[in-house]
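> this is the structure alone, sequence omitted:
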């Protein structure tokens, strides 16, 4: 049968600051996985593996069968699909993996991504193939679209030849073909200015003296030591931050010296 329990992430818990992917690896031996997350009274169903657990989050953990459920969609719902915002339900497709947030048992936020992440084992441009080692530690080979696109932060017009063995990448799939390869990488910056009104940080380093980083691009994990639920107002000029990009999109902003 199915067993479901709730576990709160307490202060000092090893789970605090870990991604749900990392937590589920710890739960694998018992055959358990995270079914949902409750944060600030919002229930997040099928949370994204990159979401970072915070103190006082409640993790809903199950050990066996999935369960089908139906929910009403709020009039104020927001859809984020592959980092693009929509207001129409027509963008949601059958069998699409989604993360939802509920208020009064209605969907107010839905995010979906058809991106497969892993480490590059090989790229064969002639045969239009790429092989990754995924989270399951298995080697998986995927067909590249003839019009393959490559996204690498800090690089102008990257090409397939710029993808290297052992790169961490995300593959954006369309009809079982890789449409875009997104390279995951992290950079250190200093915060120059905090702009709450536009939800942006002005950041810079030796290579990039100044650039604006929007925190409104899809699902970005914000991490500030000592703050359970950081918002843009919690960042300060002069702080060092590590920004992780997947392609050109930031997926995590972490303060290193609060």
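Structure received. Since the model is a prediction, treat every value here as computed from it, not as a measurement.
> where does the stretch 101-250 of the chain have low pLDDT?
Within the stretch 101-250 of the chain, the ranges that satisfy pLDDT under 70 run 113, 136, 218-219.
> so how far is residue 190 from the residue lying closest to residue 119 once chain neighbours are set aside?
Once flanking residues are discounted, residue 119 sits nearest to residue 133: 4.9 Å by C-beta to C-beta, 6 or more residues apart in numbering. Where you see a C-beta, it was placed from the backbone N, CA and C, and this is true even at glycine. Distance of residue 133 to residue 190, computed by C-beta to C-beta, to the nearest Å: 34 Å.
> before we move on, what about residue 237?
If you go by C-beta to C-beta, the gap between residue 237 and residue 190 works out to 8 Å.
> higher neighbour count, the two?
The residue with more neighbours, out of residue 237 and residue 190, is residue 190; 15 against 11, by other C-beta atoms under 10 Å.
> hmm, back to that, contacting residues around the residue nearest to residue 119?
118-119, 121, 139-140 (C-beta atoms under 8 Å, 6 or more residues apart in numbering).
> dump those into JSON lines; add distance to residue 227 and neighbour count as well.
Compiled in JSON lines, the contacts of residue 133 are given as follows (distance: C-beta to C-beta, whole Å; neighbours: other C-beta atoms under 10 Å):
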{"residue": "118", "distance to residue 227": "32", "neighbour count": "23"}
{"residue": "119", "distance to residue 227": "32", "neighbour count": "15"}
{"residue": "121", "distance to residue 227": "38", "neighbour count": "14"}
{"residue": "139", "distance to residue 227": "40", "neighbour count": "12"}
{"residue": "140", "distance to residue 227": "38", "neighbour count": "14"}
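> now residue 145, nearest residue through space, not along the chain?
residue 177 (4.5 Å).
> kindly report the same for residue 78.
Beyond its immediate neighbours in the sequence, the residue positioned closest to residue 78 (C-beta to C-beta, 6+ apart) is residue 109, lying 5.4 Å away.
> tell me which other helices or strands the helix or strand hosting the one you found touches.
In this assignment (DSSP states H and E), residue 109 forms part of strand 106-112. In terms of contacts (3 or more C-beta pairs under 8 Å, 6 or more residues apart in numbering; DSSP states H and E), strand 106-112 is packed against strand 72-81, strand 98-103.
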